[in-house]
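> What would the 3D arrangement of this be:
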Amino acid sequence: MRLLHDPHEMQQTALAFRRQGKRIAFVPTMGFLHEGHASLLREGRKRGDLLVLSIFVNPTQFGPNEDLDRYPRNLEGDCALAEACGVDIVFAPTAAGMYPPGFQTTVSLGPLTEPLCGASRPGHFNGVAVVVTKLFGIVLPDVALFGKKDFQQLAIIRQMTVDLNLPVEIVGMPIVRELDGLAMSSRNSYLSPEERQQALCLSRAVQQVRALFVQGETSVDRLLSAARAQIEAVPAAVIEYLELRDATTLSLARQADQGTLLALAVRIGSTRLIDNTLLGDQL
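Next comes the predicted model:
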C-alpha cells in the first residue's frame, strides 16, 4: 500500500492506471476510520482493480463555530485499517495542497441543499461539492462509494455528478450500526460514557417509526410525534431537525410511503449526531 500526499502525484498515478485499462474504485473520507468506512472499502475492493482511499479533513465544509480543529484524526490507525481492507493507495493531502494560494472556484448547488443539514449548516454542502469535484479530478475514479448515513450528501453528489457529466458511478452503502443500534460515526468519539447511552435515542426513534410504518401507520404527524417522544425522553437531547421527506426530491412528505425518508439531527451535549432511514428499505 502506498501513501501519497501530493495531488499531482496522485493524479499522475491514476492516469497511468487508467491508460492500462484498470478500473479505479474510490472511497473519500475525513479519516478516523471505523467499521462503516471498512464496509465501503471492502465493497470498493470488489469493484476496482485499484482501490484508493482519501483522508482529508476538508476545511471548506466546516462553519466558523464547528469542530474543524478538534475533529478526530489518526492517520497511522487509518492506514492500518486501510491495508487490512486491501487498499492500494491512501491519498492524504494537506489543506494547502488542495487549496493553494489564489484558489477561488466554487460549485453552485440547487434545492437539494436547502433543507435538513443545509438549513442548519449554511455553506456546508458547497464545501463538500468543491472537495468531491476536486477529488474526482485527482483520483479519476470509475466508481466512488459513499455511506447512506449522510443521505443528503449522497443525494447531492449523485445530482452533481449527473448535472456536471462526471464519468463516475456513485454507489450508496448501508448505514453500519453498533450492536446497540447507534449509527457508527467518527464523532461518536466525542461522547462521554453517559452521553453514549443517551445517544441511543436516535436509533430508538428510527426503530419506532419503522415499526409503526410496518404496522400500517402513514400519518406524518403521528410518526414524527412517536419519534419525538423517544428523543425528548432524554433530557440532554436537543433536536435540530426531525423530518419525513421524499427520498428523491427531499421535499416534505405529506403521507409516509415506501419512498419516505426519516431524517434527524440531534445534539447530545456538544456533539451533533445524525441518523436516517428509508421506510421502504429492509434492514
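
> which stretches of this protein have low pLDDT?
Along the chain, the model assigns pLDDT under 70 to no residue.

> Which parts of it belong to which domain?
The chain breaks down by automatic domain parsing into domains covering 2-173, 186-278.

> Now render these as CSV, adding distance to Asp180 and mean neighbour count.
To be clear about C-beta, it is placed using only N, CA and C from the backbone, and glycine gets the same treatment. Conversion of the domains of the chain to CSV gives the following (distance: least, Cβ to Cβ, whole Å; neighbours: other Cβ atoms under 10 Å):
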stretch, distance to Asp180, mean neighbour count
domain 2-173, 14, 17
domain 186-278, 6, 17
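
> how about a markdown table for those domains, with distance to Leu179 added?
Converted to a markdown table, these look like this (distance: least, Cβ to Cβ, whole Å):
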| stretch | distance to Leu179 |
| --- | --- |
| domain 2-173 | 11 |
| domain 186-278 | 11 |
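
> Show the residue spans covered by the strands in this protein.
2-4, 24-29, 50-55, 89-91, 143-147, 169-173, 237-246, 260-268, 271-278 (DSSP state E).

> Any chance you could list what contacts stretch 275-283?
148-149, 151, 175, 183, 202-203, 205-206, 209-210, 213, 247, 256-264, 266 (Cβ atoms under 8 Å, 6 or more residues apart in numbering).

> now with 7 Å?
151, 183, 202-203, 206, 210, 213, 247, 256, 258-264 (Cβ atoms under 7 Å, 6 or more residues apart in numbering).

> Check stretch 34-46 too.
Residues contacting stretch 34-46 (Cβ under 7 Å, 6+ apart): 25, 27, 29, 51, 53, 81-82, 85-87, 145, 147, 149, 173, 176, 184, 186.

> Please save the CA atoms from it in CSV.
In CSV, the C-alpha atoms belonging to stretch 34-46 read as follows (Å, rounded to 0.1, in the frame of the first residue of the first chain):
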residue,chain,number,x,y,z
HIS,A,34,-14.4,2.8,11.7
GLU,A,35,-16.3,-0.3,10.5
GLY,A,36,-18.7,1.9,8.5
HIS,A,37,-15.7,3.0,6.4
ALA,A,38,-14.4,-0.5,6.3
SER,A,39,-17.6,-1.7,4.7
LEU,A,40,-17.1,0.8,1.9
LEU,A,41,-13.5,-0.3,1.4
ARG,A,42,-14.4,-3.9,1.2
GLU,A,43,-17.1,-3.2,-1.4
GLY,A,44,-14.7,-1.0,-3.3
ARG,A,45,-12.1,-3.8,-3.4
LYS,A,46,-14.7,-5.9,-5.3
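
> Off-centre distance for it?
Mean C-alpha position of stretch 34-46 versus that of the full chain (Cα atoms, centre = their mean, to the nearest Å) differs by 13 Å.

> swap in stretch 244-254?
19 Å.

> what's the answer for stretch 262-273, then?
14 Å.

> swap in stretch 67-81?
For stretch 67-81 - counting by Cα atoms, centre = their mean - the centre lies 16 Å from the chain centre.

> same question, stretch 87-98
On Cα atoms, centre = their mean, the centre of stretch 87-98 falls 18 Å from the chain's centre.

> how far away is the residue lying closest to Ser186 once chain neighbours are set aside from Ser192?
Residue nearest to Ser186 in three dimensions, not counting chain neighbours: Phe32, with 4.1 Å by Cβ to Cβ, 6 or more residues apart in numbering. Per Cβ to Cβ, to the nearest Å, Phe32 is found 18 Å from Ser192.
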